[in-house]
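**Student:** take a look and give me a structure for this.
(chains A, B, C, D and E)
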Amino acid sequence: MCGRVSLGDLTTDNLREYFVLDQVAPIPNSFNVAPSQLLPVVRQLGRSRVLHLLLWGLVPHWAKDREIARHTFNARIETLTRKPSFRAPFKAQRCIVTASGFYEWQKQEEQKQPFYVHRPSRQPLALAGLWDAWLDKESGNLIESCTIVTTKATGAMADIHQRMPAILDPELFAAWLDPRFGDTHRLQDLLESNTPELEMFPVSGYVSNAHNDGDRCLRPLETASHR
DNA sequence: CCAGACGTTGTT
DNA sequence: GTCTGG
DNA sequence: CCAGACGTTGTT
DNA sequence: GTCTGG
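**Tutor:** I've put the predicted structure just below:
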């Protein structure tokens, strides 16, 4: 899961402030983002260089084409150290995917009910991410791409879905972004044991079509209990 | 050694 | 690039 | 993740 | 059913 995130009212400036400097990719011209689209990402680099593209769906540097990205938009935290696509990025190419919230679909009898999930404080979410760079030999472009780490759902999220994105609290930002921080097991443990406070409410199925964008996606759904 | 995979969700 | 399976 | 397509010949 | 696009 974690197949769509909301950028809501995030701006490059308020993210820079929230994360304290670091490098923030430009906010794409889209309110809600789905796999294969551009994502804003915070990360630290050894030296500055040009960003070409930053796609959601990690394409490893050794990939022959970008087809694999279809299956790498999420990375299970339980197996990060074993999967060839994620092993090296987990060691030294960690990033933070910024979002105001994310969408999750709850399977009901005959349908899937989307929910919007966010911090009660409405502060931005820092989703644990990994990135890599891939040279597209067809176009000559350097394609930078990323994935969102998932973990077992906790708290109220567990009523909606089995999995959820791994969420970083501010005290973990520095270590997560530092490619020289080598205690990856500690990072794994901290993420897996984190039980972030999250709020959620049902939204219209309008959000389920990736063509639909804008704040209509996160408008609360009218329910019987409101009558 | 070489060839081939390299992934998640969810569903059965 | 690196690991697994044959 | 979900939604939507799923095809050819030939023409511009 | 399975693949592609967002």
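
**Student:** and the end-to-end length of stretch A:103-113?
**Tutor:** By CA to CA, to the nearest Å, the extent of stretch A:103-113 from end to end equals 10 Å.

**Student:** tell me the mean pLDDT for it?
**Tutor:** When pLDDT is averaged over stretch A:103-113, the result is 90.

**Student:** now check it, is it near DNA strand D?
**Tutor:** Yes - shown here: stretch A:103-113 in contact with DNA strand D (CB under 7 Å from any atom of the strand) through A:105, A:107, A:112. In short, each C-beta sits where N, CA and C put it, glycine included.

**Student:** correct me if wrong: the last one contacts residue A:106.
**Tutor:** It refers to residue A:112. Yes - taking contacts as CB atoms under 8 Å, residue A:112 lies within contact range of residue A:106: 6.8 Å.

**Student:** these two - which one has more neighbours?
**Tutor:** Per other CB atoms under 10 Å, whichever of residue A:112 and residue A:106 has more neighbours is residue A:106, with 14 against 11.

**Student:** how about that one, phi and psi?
**Tutor:** As for residue A:106, its main-chain torsions (degrees, to the nearest 10) stand at phi -100, psi 130.

**Student:** could you do residue A:112 as well?
**Tutor:** phi -110, psi 120.

**Student:** that one: what's it in contact with?
**Tutor:** A:105-106, A:208 (CB atoms under 8 Å, 6 or more residues apart in numbering).

**Student:** try 6 Å this time
**Tutor:** Shown in contact with residue A:112 (CB atoms under 6 Å, 6 or more residues apart in numbering): residue A:105.

**Student:** that one pairs with what?
**Tutor:** residue A:107 (DSSP bridges).

**Student:** and it, how close does it get to residue A:163?
**Tutor:** According to CB to CB, to the nearest Å, residue A:112 stands 15 Å off from residue A:163.
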